[in-house]
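Student: Whatever this is, show me its structure:
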Amino acid sequence: MPADGDFGVLFVCMGNICRSPTAEGVFRKLHGELAPHIPLVIDSAGTHAYHIDEPPDPRSHATARARGVDISAHRGRQVAPEDFLTFDYVLAMDRNNLRRLEALKPRDSGAELHLLLDYAGDVALKEVPDPYYGGVGGFERVLDLVEAGSRGLLEEIMRRHAAR
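Tutor: Here you go, the predicted structure:
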């Protein structure tokens, strides 16, 4: 849980074994490289309970590892009501999961719900496609998109942190 003054960032996809753990890993790496002075709590979850306690998809793990991103310690979990009270940013990979999050969000939550790619600048896509049923190229594409969104998100957090 974020302490006072910390920012909390939660990445969300459907099963929490491909896109969202990749986003979590990429964002952790970028945070460590570009803004380690900003206290962040970073996590990921799924809107469905399909893969609770499972490690990332082996293709996600291998693709991330090849780019220097370690997601090996991740275990799948489902979004919980308290996440909306804990995290400042709750970022969905696609519109279907964003709609689910909007339906789950408690009224007293101050969490900002967005698509991750809302922060990706000039990237034409707004959704990170699910690579689960495709080939390795889909996992590479996820990494590219997640990196673009994560960079923009970190820039936003850096601006907000500087304004405090």
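Student: show me where this protein has helices.
Tutor: Assigned helices in the chain, in chain order: 19-34, 58-66, 83-86, 95-104, 136-163 (criterion: DSSP state H).
Student: what residue ranges in the chain score low on pLDDT?
Tutor: 1-5 (pLDDT under 70).
Student: now Glu147: how far from Glu140?
Tutor: 11 Å (CB to CB, to the nearest Å). Every C-beta, even on glycine, is put in place using the N, C-alpha and C of the backbone.
Student: These two - which one has more neighbours?
Tutor: Neighbour count, other CB atoms under 10 Å: between Glu147 and Glu140, Glu147 has more, with 19 against 15.
Student: so who does the more buried one touch?
Tutor: Val26, Leu30 (CB atoms under 8 Å, 6 or more residues apart in numbering).
Student: try 7 Å this time
Tutor: By CB atoms under 7 Å, 6 or more residues apart in numbering, the residues touching Glu147 are Val26.
Student: Of all the helices of the chain, which one is nearest Val123?
Tutor: helix 136-163 (5.1 Å; CB to CB).
Student: any idea which of the helices of the chain is most buried?
Tutor: helix 19-34 (a mean of 23; mean count of other CB atoms under 10 Å).
Student: Could you tell me the angle between that one and helix 95-104?
Tutor: 90 degrees (axes from the mean of the first three to the mean of the last three CA atoms, to 10 degrees).
Student: So what touches helix 19-34?
Tutor: Contacts of helix 19-34 (CB under 7 Å, 6+ apart): 9, 11-13, 40, 42-46, 56, 60, 64, 68-71, 74, 93, 116, 128, 130, 142-143, 146-147, 150-151, 154.
Student: Quick one: closest of the helices of the chain to Gly110.
Tutor: Of all those, the one in closest proximity to Gly110, counting by CB to CB, is helix 83-86 (8.0 Å).
Student: Which elements pack onto the closest one?
Tutor: Helices and strands touching helix 83-86, as assessed by 3 or more CB pairs under 7 Å, 6 or more residues apart in numbering; DSSP states H and E, are absent.
Student: what's the offset of that helix from the middle of its chain?
Tutor: Its chain's C-alpha centre lies 14 Å from the corresponding centre of helix 83-86 when counted by CA atoms, centre = their mean, to the nearest Å.
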